[in-house]
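Q: Take this sequence and fold it.
(2 chains)
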Amino acid sequence: MAAPISTFVNLRWAFAAGGVVWTALQVYIIQSFGFSWAVALTDGIISSVALGAACWLIDNTLRFYQPSQNSYLNLLIWCGLLAGLCLAISRFALPQIITDAEYYGFVVKSMVIRYFTDFLAIGWMAMISLVWYAQQDHKENEKRKAEAEKLAKEAELFNLRQQLQPHFLFNSLNSINALIGFKPEEARKMVQQLSDFLRGTLKKDDQQLTSLSDELQHLQLYLDIEKVRFGHRLQTEISCDGECGKALLPPLLLQPVVENAIKFGLYDTTGSVTVSIRGEMDDNYLVIIVQNPYDPQTAKPRQGTGFGLSGMKRRLHLIYTRNDLVETFVNDDIFTTIIKIPQV
Amino acid sequence: MRRALLIDDEPLARMVVLEYLQHYKTDIEVIQECGDGFEGMKAIQQHQPDLIFLDVQMPKINGFEMLELLEQPPAVIFTTAFDEYALKAFEAHAIDYLLKPFSKDRFDKAIEKYLAQAGANPQQQQKQTENLLESMAQSPMQHDRIVVKTGTKVKIIPVNDVIFLEADDDYVNIHTAEGAYLKNKTMSFFEKMLDPRQFVRVHRSFIVSIDQITRIDPYEKDSHVAILKSGDRVPVSKTGYVKLKQVLGI
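A: Residues are numbered from 1 along each chain as shown, chains lettered A, B, ... in the order given. Okay, here's the model as predicted:
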């Protein structure tokens, strides 16, 4: 119910202004029946204040209590009762203040019309409040839902990223440990590469898209480290023409895919392995094709996705709310992953 | 002199072990280095080493799968980067493991422990390895395939291809559409390893894939028989029937 304060202040002013207009109108009408301005003013102010109080009461009640659909009849009865109360005030209080026989007769004659105008005004107020507060509630729910989703999303992205790191990290440290013994220069180089890579991973902001050439540069660090680990067994081919280097994609999107490609490439086969990454533009899409060799005989039945792939699909779904951006297929001994990134 | 084998797919990782082993030149001799589980298995059969240094994650078949295929696994020191599930199993079964990257001191401890135990009780070491594999089967690691040996070849069976398993003396007969394969393991090993939502032990000697069942008929008193898509008939015991009904939700 915490609508911005400014809206509430505005609404209060609108309510007050409506009250003033209503009073003025009533004063004018009563005056036009031939009563003095003083009489008309007294009548107008007292009836309008009573009506205003009734409207305020119904509005305030509805702010904190939303009636269910089958208690709408109760609401109608309440409107009727409040209108009756207003009428009673006009009927009994006014003649006490204005002791004029002609005016008394006028009040008695105008009972029916007074009742129905009050009833309509109160009913109208109730209806507006009902719709307004229902909408406020709805907005509030939407906001909360969006907030919860955003939080979940952030946590999920964080987890997705975390899960990918430890194995790679510890194996790299192990390689460095080995190099220190007999190739200290290379060990030093690998420490540098690993640091650059980790810094790049930590620095990336999920909300900001990155260019393909930046992403590939980061990926290159990763691939260089993997090449040290696996020696000549791992080869990579990266191609991307000038135009698509500028295309945008979510940061670190490709890393799990390439990681997967390396893992399945290296773990399914025992010879040397070429992992290729190709970027192309197709209409308004950046298309990235990742290919790795694969042995259907020994590959674990993957049911279409490894962790890397399903994680990436989930991420693309969260960002673009589309499920059709990733395709995978197997052709002979090559496993291909095609990722399409919409360009705005 | 003990004969050792290094099995790891990363050359640099093998290099560390070789370097650390320099210190034990008079006790341990490295007879071969292997880059994957297939190679490792062949080398083990050929050389019958006393000790192997084994990485878990490797091409083709992983370290555990390789051990499963060996009739008499040698003493094992695992070298692994990170595997929280595996660690518990290692600890429980007192086989040593080295977490990469490991220090020379840590390595020395593992070797000394091995040298102290070695020869003293080879049977016990073998038992330890078997217990380890058994408890690995229960870990929440992915078990989506079964590795078996047919002659000299290794066959990898995706779990989804399995129709049913049948106890056969000390072996388990794994029935698939392509034929049946024997594996030197117990029924309880498979019962633990396979996904209980897909595979049900319907009988002391049978585990069946529920996707394969077309019909369950009563058979004699208290027992049933499951008719499979392949036409095979699998007996279902009284308790097996209860389990089956639970999994099928009927």
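Q: low-confidence ranges in the chain?
A: Because you didn't say which chain, this covers chain A. A:1-8, A:151-152, A:155-165, A:204-207, A:268, A:297-308 (pLDDT under 70).
Q: Wait, chain B was what I had in mind.
A: For chain B, the stretches with pLDDT under 70 are B:82-89, B:91-95, B:119-122, B:138-142.
Q: Show me it divided up by domain.
A: Using automatic domain parsing, the domain parsing of chain B gives B:2-138, B:145-248.
Q: Just name the most buried of those domains.
A: Mean neighbours per residue, mean count of other Cβ atoms under 10 Å in any protein chain shown, is largest over those for domain B:2-138, with a mean of 18. (Glycine included, C-beta is placed from N, CA and C.)
Q: if you look at it, does any of it touch chain A?
A: Yes. Domain B:2-138 lies within reach of chain A by Cβ under 8 Å from any Cβ of the partner chain, at B:9-13, B:15-16, B:19, B:35-36, B:38-39, B:57-61, B:81-82, B:99-102.
Q: and the residues you listed, which of them are in strands?
A: B:L99 (DSSP state E).
Q: Helix, strand, or coil at the nearest residue to B:I174 once chain neighbours are set aside?
A: With sequence-adjacent residues excluded and distances taken as Cβ to Cβ, 6 or more residues apart in numbering or on different chains, B:I174 is closest to B:Y181, at 4.7 Å. Secondary structure state of B:Y181, per DSSP: H, G, I helix; E, B strand; the rest coil, is strand.
Q: Enumerate the residues of the stretch 151-300 of chain A near chain B.
A: Near chain B, when you scan the stretch 151-300 of chain A using Cβ under 8 Å from any Cβ, you find A:166-167, A:170-171, A:173-179, A:181-182, A:228-231, A:266-270, A:297-298, A:300.
Q: Please name the nearest non-neighbouring residue to A:L248.
A: Using Cβ to Cβ, 6+ apart, the closest residue to A:L248 is A:L209 (4.0 Å).
Q: Quick check: phi and psi at that neighbour.
A: Note on A:L209: backbone dihedrals following degrees, to the nearest 10 are phi -80, psi 160.
Q: Could you export stretch B:127-134 as PDB, CA atoms only?
A: Extracted as PDB, the C-alpha positions of stretch B:127-134 are listed here (Å, rounded to 0.1, in the frame of the first residue of the first chain):
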ATOM      1  CA  LYS B 127      39.600 -54.500  -0.300                       C
ATOM      2  CA  GLN B 128      39.900 -50.800   0.400                       C
ATOM      3  CA  THR B 129      39.800 -50.000  -3.300                       C
ATOM      4  CA  GLU B 130      36.700 -52.100  -3.700                       C
ATOM      5  CA  ASN B 131      35.000 -50.400  -0.800                       C
ATOM      6  CA  LEU B 132      35.900 -47.100  -2.300                       C
ATOM      7  CA  LEU B 133      34.300 -47.900  -5.600                       C
ATOM      8  CA  GLU B 134      31.200 -49.200  -3.800                       C
END
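Q: Run the chain-centre distance for it.
A: Counting by Cα atoms, centre = their mean, to the nearest Å, stretch B:127-134 is centred 9 Å from the centre of its parent chain.
Q: check contacts around B:E130.
A: B:P73 (Cβ atoms under 8 Å, 6 or more residues apart in numbering or on different chains).
Q: try it again with 10 Å
A: By Cβ atoms under 10 Å, 6 or more residues apart in numbering or on different chains, the residues touching B:E130 are B:L67, B:E68, B:P73, B:H93, B:K185, B:F189.
Q: Can you list the buried residues in the one helix or strand A:W13 maps to?
A: Using DSSP states H and E, A:W13 sits within helix A:5-32. Neighbour-count burial for helix A:5-32, counted by 16 or more other Cβ atoms under 10 Å in any protein chain shown, picks out A:G19, A:W22, A:T23, A:Q26, A:V27, A:I30, A:Q31.
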